[in-house]
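Asks: From the sequence below, what's the structure:
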Amino acid sequence: MKRKYAVNCSLLFAELPLLERPSAARDAGFGAVEFWWPWNGVPVPSDAEVDAFCQAIEDAGVQLIGLNLYAGDMAAGERGILSDPARGGEFRQSLEVTCLIAERTGVRMFNALYGQRLDGLTADEQDEAAAENLGYAARRVAEFGGTLLIEPLTRGLNGAYPLETAADAVTVLRRVGEPNVRFLFDSFHLAGNGEDLVKAVRAHAADIGHVQIADAPGRGRPGTGGIDFGALFGVLDETGYAGWTALEYTPQGPSGQEFAWMETFT
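Replies: Have a look, this model is predicted:
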């Protein structure tokens, strides 16, 4: 099975201004890109900013295959707001911007970071808010064939983020109960939390909606850590995964020199 690679332009090509990254990805041989929310800490960017982002994708001639929903101030340590009952309006406002980007670019996969545990609220209160917001968002993006993705994150690097394992993510999927909410399988985060990646794929293959890869430890390109990518790709093929494999790793030098490993895994 020939693998479909996309490049995450929020980590790779980050040495360039945001709007130059899609064309840099194209020049490196990629036809598909994904991004985190492009406007850190800003739920509703200006029309001009949204237009410039979409135009950069269009001008580069690449496909935008994934976009993170607004996740608060990531640079300050936030990892999503949808589990905060006080920020539901902010989340829903930003979602309308996401839908405009989807209409313009055709992007259909949206990573919905869950949010961290907050003092003064019970886990149940936060989980209820998250389920409500995720259900709303799932139904909204379903109007144009969109899919929400739920991602576990590495313990110790992302504050009090409650989703750490594949099972944690799948529990959220079941709680929300919408058919277009899927599991984002990220090799770096799962391996960093001690998951056996091959077993996790086999156990949750039916729920995997997207795959992102980086080695662990270190979040570098494959071959810089301890993950057996031959085994991981083998089990993904075995279980019938035919979606995108997004490269979401931190370059150790110029981004354009970070892809030689792909010759081994086509």
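Asks: Contact partners for the residue nearest to the spatial centre of the chain?
Replies: In the chain, the centroid-proximal residue (Cα atoms, centre = their mean) is Asn111; its distance is 4.4 Å. Asn111 makes contacts with 36, 66-69, 148-149, 151, 184, 210, as judged by Cβ atoms under 8 Å, 6 or more residues apart in numbering. C-beta here means a position set from N, CA and C on the backbone, and glycine is covered the same way.
Asks: State the pair within the residues you listed that is farthest apart.
Replies: The distance between the two most remote of the contacts of Asn111 (Cβ to Cβ) is 15.2 Å, for Trp36 and Leu148.
Asks: which one of these two has more residues nearby?
Replies: Per other Cβ atoms under 10 Å, whichever of Trp36 and Leu148 has more neighbours is Leu148, with 25 against 20.
Asks: wait, is that one part of a strand?
Replies: Yes - applying DSSP: H, G, I helix; E, B strand; the rest coil, one finds Leu148 inside a strand.
Asks: show me where the chain has helices.
Replies: Along the chain, counting by DSSP state H, helices occupy 21-27, 47-60, 88-105, 123-142, 166-176, 187-192, 197-204, 229-238.
Asks: returning to what we had before: okay, the contacts of Asn111 in JSON lines with distance to Ala76 and pLDDT next?
Replies: Below are the contacts of Asn111 laid out as JSON lines (distance: Cβ to Cβ, whole Å; pLDDT from 0 to 100):
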{"residue": "Trp36", "distance to Ala76": "14", "pLDDT": "98"}
{"residue": "Gly66", "distance to Ala76": "23", "pLDDT": "98"}
{"residue": "Leu67", "distance to Ala76": "21", "pLDDT": "98"}
{"residue": "Asn68", "distance to Ala76": "16", "pLDDT": "98"}
{"residue": "Leu69", "distance to Ala76": "17", "pLDDT": "98"}
{"residue": "Leu148", "distance to Ala76": "24", "pLDDT": "98"}
{"residue": "Leu149", "distance to Ala76": "23", "pLDDT": "98"}
{"residue": "Glu151", "distance to Ala76": "19", "pLDDT": "98"}
{"residue": "Leu184", "distance to Ala76": "23", "pLDDT": "98"}
{"residue": "His210", "distance to Ala76": "26", "pLDDT": "98"}
